[in-house]
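**Student:** Here you go, sequence then predicted model.
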Amino acid sequence: MKWKTLLSEKRRGRDHPGAGERDLRSGFEKDYHRIIVSASFRRLQDKTQVFPLDKSDFIRTRLTHSLEVSSIGRSLAQNIAAAILSSGIDPEFTIAMKADVCDILQCAGLIHDIGNPPFGHFGEETIRDWFAKNLDTLLWEGRPVGEIMTGQQVADFRSFEGNAQGFRMAARLDYPVRSEGMNLTYGLLSAVIKYPVSSLGCSPASRNVSGRKNGYFASEEALFRDVQAETGTNGARNPLAFILEAADDIAYSTADIEDAFKKDFFDYATLMRELMERGAGKQYRVRLSDIYDMARLSGVSDPEEYAVRGWLREMQDELIVAATDGFLSNYARIMAGSFGGELIIGKQPAKLLGILKAIAYDYAFTSASIYRTEIAAHRILNYLLDILVPASLLLDSPNPGLMEEKYLSLIPDNYAQVCRRASEGAKERDVIYSRLLMATDTISGMTDSYAKDLYSELTGLQ
């Protein structure tokens, strides 16, 4: 792969004329503005990161998480690009390319989660579970829809994935007048495709991290192929997607610890004990202790919170350096498309990252409060899927049914418009597929609060 093609400013649709020659922004700087003003980005402020339906204004949402990933991604890009230039490892890499790489990673961090449905990753699991249980019972003119659609179309629902929905949101649903979405550059779209495989080609057990999830739906496969051809990735993961994944890992592994601590799922002493028992490097434990002692001697009102938060910021810096080293040490394989691992590979940093994730899982993700809120989220999403998915198959039917007609009124006009456009002159299987996508588009576009309030309103549970 070559940076000249990877950093493509081509767009699927016509670029806005804007101020013409007086607009001196690069294509990626224009992308940033398009993302910031988009509805799908704004909705992240009311979508779960870890704690569904949490009332605290301290706990992270998808929006604050995305801002952190954007910041870390840009920092990583700055580090890596500067090192490529100073080391001379790639003579074709220029100073101008450094600016473009930083802008792309900043944008990619902002939109990497825009396809996630309400209630975090649990929302994805719930949608997958619903289709696994109900897809075979959905009928189209008396026939099961699963027998009409292609294998990939069926797999798109049974292995529903927020990454693929995010690609669809950016490329088709936001500003859907011409089905071009935000009309972002191909260089940026390529960078957010962390999994360049379909729902039929992915495997959670794959040794290659790029093949563990599906990165696009059948509805966007043609665009995916165009992006791959234009950027020269040709079936491989874009090098910038490795950086995006590392930024995401660094952001959520440290943030989940901080949020769980703030919610009193564990205290300072427990964190120190867990770090020791799980084999975190002595230097990390000593640094946590040093920050605590400094805060206590300085009269900080809550030295434990001060120590945990300060230590996590320093661990982010450590992990950024480790990811930078991982990219540079594997540069040739990454650019050749043959690297299938993760960037944070140094023995101590990689172990630290794994320990932070494990602590968060044990103390937050399996807590009783999380289970209770997930039970509520499960009921909400299942109810909405129960009414919206069957109704979606009756779009534009002359006699949809008494309640189905009312359920269809809940689907936003822009999603229905995208569905109708995709169905024009299409085969029967593609019409069915587009209508089911319309339902999952609607669910995925909801915020946590909207989904909860809609459920309460429709069920009379005010």
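**Tutor:** Received the coordinates, thanks. Bear in mind the structure is a predicted one, so any value in this text is a computation, not a measurement.
**Student:** Distance from stretch 32-48 to the middle of the chain?
**Tutor:** Relative to the centre of its chain, stretch 32-48 is centred 13 Å away, using CA atoms, centre = their mean, to the nearest Å.
**Student:** what sits up against it?
**Tutor:** In this structure, residues lying in contact with stretch 32-48 by CB atoms under 8 Å, 6 or more residues apart in numbering are 54, 61-63, 66, 103, 106-107, 110-111, 113-114, 116, 118-120, 122-123, 169-170, 173-175, 182-184, 445, 447-450. Heads up, the C-betas are built off the backbone N, CA and C, glycines and all.
**Student:** CA atoms of it as PDB?
**Tutor:** Extracted C-alpha coordinates of stretch 32-48, given in PDB (Å, rounded to 0.1, in the frame of the first residue of the first chain):
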ATOM      1  CA  TYR A  32     -14.300  17.100  10.200                       C
ATOM      2  CA  HIS A  33     -16.900  19.900   9.700                       C
ATOM      3  CA  ARG A  34     -19.400  17.500   8.100                       C
ATOM      4  CA  ILE A  35     -19.100  15.100  11.100                       C
ATOM      5  CA  ILE A  36     -19.400  17.800  13.700                       C
ATOM      6  CA  VAL A  37     -22.700  19.100  12.300                       C
ATOM      7  CA  SER A  38     -24.200  15.700  11.600                       C
ATOM      8  CA  ALA A  39     -27.200  14.400  13.500                       C
ATOM      9  CA  SER A  40     -25.700  11.000  14.000                       C
ATOM     10  CA  PHE A  41     -22.700  12.500  15.800                       C
ATOM     11  CA  ARG A  42     -24.900  14.600  18.000                       C
ATOM     12  CA  ARG A  43     -26.900  11.600  19.000                       C
ATOM     13  CA  LEU A  44     -23.800  10.100  20.600                       C
ATOM     14  CA  GLN A  45     -24.300  12.400  23.600                       C
ATOM     15  CA  ASP A  46     -27.200  10.200  24.700                       C
ATOM     16  CA  LYS A  47     -25.800   6.800  23.900                       C
ATOM     17  CA  THR A  48     -24.300   4.400  26.400                       C
END
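**Student:** What pLDDT is listed against L24?
**Tutor:** At L24, the pLDDT value in this model is 81.
**Student:** What's the separation between it and K30?
**Tutor:** According to CB to CB, to the nearest Å, L24 and K30 sit 11 Å apart.
**Student:** Ok, K2 next?
**Tutor:** K2 is 23 Å from K30, by CB to CB.
**Student:** So for the two, which sits in the more crowded spot?
**Tutor:** Set K2 next to K30 and count neighbours by other CB atoms under 10 Å: K30 wins out with 21 against 12.
**Student:** Sort out which residues of the helix or strand where that one lies are buried, please.
**Tutor:** Element membership of K30 [criterion: DSSP states H and E] is helix 27-36. Buried residues in helix 27-36, defined by neighbour count with 16 or more other CB atoms under 10 Å: 27-28, 30-32, 34-35.
**Student:** try stretch 242-249
**Tutor:** 242-249.
**Student:** Counting neighbours, what do you get for D317?
**Tutor:** D317, neighbours per other CB under 10 Å, totals 11.
**Student:** Could you look up the SS state of it?
**Tutor:** Following DSSP: H, G, I helix; E, B strand; the rest coil, D317 is assigned to helix.
**Student:** And the helices in the stretch 251-400 of the chain?
**Tutor:** Using DSSP state H, counting those that start in this stretch, the helices found in the stretch 251-400 of the chain span residues 268-277, 282-297, 303-329, 331-336, 347-360, 368-392.
**Student:** Could I get these in JSON lines, plus columns for mean pLDDT?
**Tutor:** Output for the helices of the stretch 251-400 of the chain, formatted as JSON lines (pLDDT from 0 to 100):
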{"stretch": "helix 268-277", "mean pLDDT": "94"}
{"stretch": "helix 282-297", "mean pLDDT": "94"}
{"stretch": "helix 303-329", "mean pLDDT": "95"}
{"stretch": "helix 331-336", "mean pLDDT": "97"}
{"stretch": "helix 347-360", "mean pLDDT": "93"}
{"stretch": "helix 368-392", "mean pLDDT": "92"}
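**Student:** I'd like to know which of those helices is closest to F224.
**Tutor:** helix 331-336 (20.2 Å; CB to CB).
**Student:** packing partners for the closest one?
**Tutor:** Using 3 or more CB pairs under 8 Å, 6 or more residues apart in numbering; DSSP states H and E, the elements in contact with helix 331-336 are helix 239-262.
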